[in-house]
Structure formats: structure tokens, C-alpha cells
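Undergrad: task: produce atomic coordinates for the following.
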Amino acid sequence: MARSLSTDQSKQIFGLPVVLIWGYIAIAFFMTGDGIEQAFLSKYIVDLGFSTQQASFIFTVYGLTVAIASWLSGVLAEMAGPRRTMVLGFVLWIIFHIGFLTLGLEQKNYSMMITMYGIRGIAYPMFIYGFVVWIAYAAPKQRLASAMGWFWCMYSVGMGVFGTYLPSFSIPKIGFMGTLWLAIAFIAIGGLMAMFLIKDNFNSYKEERKDESSKLREMLRGITLVYENPQIAIASVVRIINQISLYGFVVILPIIFTEQIGFTMSEWLRIWGAVYATTIFTNLMWGILGDRIGWVRQVRWFGCIGMAVATVLFYYLPVSMGPNMGVGLFVAIFFGIAIAAFVPMSAIFPTLEPKHKGAAVSMHNLSAGLSNFVGPALATAIMPLAGVKGVIWTFAAIYIIGFILTYFMKINQPLGIEKTKIKDKIQVEK
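TA: As a prediction, the model looks like this:
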């Protein structure tokens, strides 16, 4: 039985569900705090006296815990509700971030750095992917990619724009550690917004959710879904491929750009920030275009092929041209355009399993989290054997594999409003 939307629930602005607007803003604040260290932490750890491989391993462990938490967050949000899941995520983040700073970095204790940063990786997927479940229920099906595009837009505003550009100004003033302490303020603001300002009642979607007796089965389905539905399995691999270079690059490129090419840390931060600044617009653009030109077609040509080219350019152009900001910004913008073309993946998973949205979104989240793990893990494994070039060409080849896999993806994409009206008119005439 289809649920009837209230006036407030049905309102949208270019695909953004108005009832969730404070949640989108909370994502921007939270990801500012979470992303504030991403473009300089590996360099700072190396400056403390550790090797590049040691720094990379910290990110690899972090990626593994992110992957596990990313899978659990969708089912947890389905069971306990997105709001509780998001609040738990922000509290855990603050606790273990403080542990990472005081017991790890300040003491130069490698074991504690791995432990605290790794456990902190549980927190951010609970916050952001808990909200993805909320969107999956609140957004109209024919505008789901657009609603997810808004989510990734806010993600980029936080992670990339403020999270990356802010350190380029704060590090010269308060240093690396001061900037890392500053992150807590943004996390707290985002968490409090999620706690008190989102007015949508998730229980209103009860007809589409599982009853209490089936919640355990839903959790188990989150594990078995990849075997039961081959389309989910293929989509999962493509989603893992989506961001492998993004998370692999934050381990190796800060060092390459500052020590080999000759950029300053502030210049590098602004180049990396341009990736996310670009995705603010391209996440929305690709979300809207995907609803019109086809989700899979967009992922195939503009996502997979686009990222294969962008990955190679991001290394070779700056290395060949030297510390040229124009070149650095060009490759960053190109990279941002290409990586955002994967936006429809967030809509593909719940569409493939409409009766098990929570479990499907959990598989999407697990796949997204595995990008956090696979990218740094590949960089850690390949760097000693084939160097930076080996990492770059491995990433590019994997995107070509993703391109091939998209030909096996069969998605029954919902028609947009305009197409639905045309279809209905044709059926009436017949």
C-alpha cells in the first residue's frame, strides 16, 4: 500500500526534500570537521618522523573500520532510526578524535594513533549514511538521484570546500594540531542540528519498513543480499571503484605535490579543495542529468571513463609542468567533474531492492566504505613495488574494469514526472 505524503513531506526544491533541509546542512558542518585533516594528515604524520608506508597503513586501518561501520549504519538506521544513529556517530567521533590527538599524535605513539583513528572511523559513516537511509524513504522515487545529488553536494561543501580550504588559512595561524582541535566545533554543530532541528518523523514511513519481528532478518539480509541479488553484487563493485583514487590520492599526493613537484602546503590544500568545490555543482548537475539521460549510462561514460582519464592527468600534468597553480586547478576541476558522475549509484541500490531499502542502502554504504579501505591499501601495497606511477596506472585500469561491469548492470530506473505523464497519456489513448 502506497503511503500518502503530507504537504510538508512532499515539498521539494529541485529534488531536495524540504523536510530534511536541516539534515543536509548538518552533513555540511559534520563533514567540515571530519574532512579538515584529510589533505594534510599523512604529511603531518611523516613530519613527525614516521614513514610514508606507516602513514598509509593508518589510513588503511581507518578505511577498514569505515567500511564495516558503513554497512552497519544503514541497518542500524532502519532499526533504531536515522536520528539516533546520527547522534551516536557524532558522540563517538568526538570521543575518539580527542583520544587520537592526545594519546596518539601528541605522544607520537604509533599504536595509539592506529587504534584511536581506526575506532574513530566507525563514527562518520553512522552519521552520514544514517542520513542516506532517511533520504531513501523521504525522497520521491523519480527524484531520488536528485535528492542524493543534494546529499553529495553538502558532503562536498563540508569535506572539500570548508574542510580543505579552512586548513590552508588555519595552519599558518594555529598549526596542524590547533586545526585538528578546531574540527570538534564543526562536528558538534552538525550533531546538534541532527539532534534538534530535523523535523521529519521517520516513523511516518512505517508502511515501507519492516516490523519489529523482521528486523533481525533485515540485518541478516544486509549480509546475504549481495549473494541473493547479482545486480547488487555488480553495483557494489562499481561503487567500490567509484572513489578508490580519491582515498588513495590523499595518502600519496600531499607528499608528491609538496616534496616532489614543489607546491607549498597551502597551495596543495587549495588544489585539493578545488576537487570538492567543483563537486558542489557537479553533484547537483549529475543528479539531475542522471534522472534524464539514464543512471547507468552516466556512470559508465562520464564516471568510469572520466575517472580513468582524470586519475592519470592528476599526476602526470603537474609533474611535467611543475608547481603551476593553473595546471593544478585544472586537473582538480576535471577530477571533480568526473567523480561526481557516480552520484546515481546512491539511487541505484534502493531501486534494485525496493522491498529491502535499508539492507540495499547498507550494501551501498559498505561499498562506499570499502573505497576508504581499498584506495589506501592499494597505495600501501603498490608503492614499494612500482612507485607512484604504478599506483596511478593501477587505479586507471580499475576504472576501465568498472566501465566493463556497467554493461552487466540492469536497472529499472523510475520514470521522471514528465515521462510518467507522457506514458500515462499514451496508455489512456490506447
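Undergrad: quick one, strands of this structure?
TA: Applying DSSP state E to the chain gives strands spanning 12-13, 16-17.
Undergrad: so residue 336 touches residue 273, yeah?
TA: No - assessed by Cβ atoms under 8 Å, residue 336 is found out of contact with residue 273, at 10.0 Å. All C-beta spots, glycine's among them, are computed from the backbone N, C-alpha and C.
Undergrad: how about the nearest residue to residue 374 once chain neighbours are set aside, what does it touch?
TA: In this structure, residue 374 finds its nearest non-sequential neighbour in residue 244, 5.3 Å apart by Cβ to Cβ, 6 or more residues apart in numbering. Residues in contact with residue 244 (Cβ atoms under 8 Å, 6 or more residues apart in numbering) are 371, 374-375, 378, 395, 398.
Undergrad: redo that, cut-off 6 Å
TA: 371, 374-375, 395 (Cβ atoms under 6 Å, 6 or more residues apart in numbering).
Undergrad: ok, these vs residue 105, which is closest?
TA: Nearest to residue 105 out of the contacts of residue 244 is residue 375 (Cβ to Cβ; 22.3 Å).
Undergrad: any idea how far that closest one lies from residue 91?
TA: Noted for residue 375: a distance of 27 Å to residue 91, by Cβ to Cβ, to the nearest Å.
Undergrad: looking at these two, which is more packed in?
TA: More crowded of residue 375 and residue 91, by other Cβ atoms under 10 Å: residue 375, with 27 against 17.
Undergrad: that one reaches residue 248, doesn't it?
TA: Yes - Residue 375 is within contact range of residue 248, at 3.5 Å (criterion: Cβ atoms under 6 Å).
Undergrad: which residues do the two both contact?
TA: With Cβ under 6 Å, 6+ apart as the test, residue 375 and residue 248 reach no residue in common.
Undergrad: which parts of stretch 192-199 are buried?
TA: Within stretch 192-199, the residues scored as buried using 16 or more other Cβ atoms under 10 Å are 193-194, 198.
Undergrad: ugh, wrong one, stretch 355-369
TA: Neighbour counts using 16+ other Cβ under 10 Å place 356-369 of stretch 355-369 among the buried residues.
Undergrad: just name the closest of the residues you listed to residue 113, please.
TA: Minimum distance to residue 113 across the buried residues of stretch 355-369 is 20.3 Å, recorded for residue 369 (Cβ to Cβ).
Undergrad: so where's the stretch 1-150 of the chain uncertain?
TA: 1-15, 141-142 (pLDDT under 70).
Undergrad: for it, just list every one of the helices.
TA: With DSSP state H, counting those that start in this stretch, the ranges of helices along the stretch 1-150 of the chain come out as 7-10, 21-35, 41-47, 52-80, 82-99, 110-120, 123-138, 144-156.
Undergrad: next, the buried residues of the fifth one.
TA: With burial defined by 16+ other Cβ under 10 Å, the residues of helix 82-99 counted as buried are 82-94, 96-97, 99.
Undergrad: out of these, which is nearest to residue 46?
TA: Looking across the buried residues of helix 82-99 and measuring by Cβ to Cβ, the closest to residue 46 is residue 97, at 20.3 Å.
Undergrad: tell me the contacts of that closest one?
TA: Applying Cβ under 6 Å, 6+ apart to residue 97 gives the contacts residue 120.
Undergrad: phi and psi next, for residue 40.
TA: Note on residue 40: backbone dihedrals following degrees, to the nearest 10 are phi -130, psi -10.
Undergrad: again, but for the one 10 residues further on
TA: In this entry, residue 50 is assigned phi and psi values of phi -90, psi 160 (degrees, to the nearest 10).
Undergrad: the closest residue to it other than its chain neighbours: neighbour count?
TA: Nearest residue to residue 50 in three dimensions, chain neighbours excluded: residue 110, at 6.6 Å (Cβ to Cβ, 6+ apart). By other Cβ under 10 Å, the residues close to residue 110 number 16.
Undergrad: number the chain from 30, please
TA: Right, with 30 as the first residue, what we last looked at is residue 139.
Undergrad: could you dump the helices of the stretch 30-179 of the chain to a markdown table with distance to residue 343?
TA: Converted to a markdown table, the helices of the stretch 30-179 of the chain look like this (distance: least, Cβ to Cβ, whole Å):
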| stretch | distance to residue 343 |
| --- | --- |
| helix 36-39 | 42 |
| helix 50-64 | 18 |
| helix 70-76 | 16 |
| helix 81-109 | 18 |
| helix 111-128 | 29 |
| helix 139-149 | 25 |
| helix 152-167 | 24 |
| helix 173-185 | 17 |
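Undergrad: closest one to residue 325 among these?
TA: Comparing those by Cβ to Cβ, helix 173-185 comes nearest, at 11.5 Å.
Undergrad: chain center to that closest one, what's the gap?
TA: Distance of helix 173-185 from its chain centroid, counting by Cα atoms, centre = their mean, to the nearest Å, is 10 Å.
Undergrad: mind listing residues that contact it?
TA: For helix 173-185, contacts defined as Cβ under 6 Å, 6+ apart pick out 44-46, 53, 56-57, 60, 164, 168, 305, 308-309, 312-313, 316-317, 319-320, 372-373, 375-376.
Undergrad: can you select the buried ones from those in PyMOL?
TA: For the buried members of these, the matching PyMOL selection, counting by 16+ other Cβ under 10 Å, is:
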select buried, resi 44+45+46+53+56+57+60+164+168+305+308+309+312+313+316+317+319+320+372+373+375+376
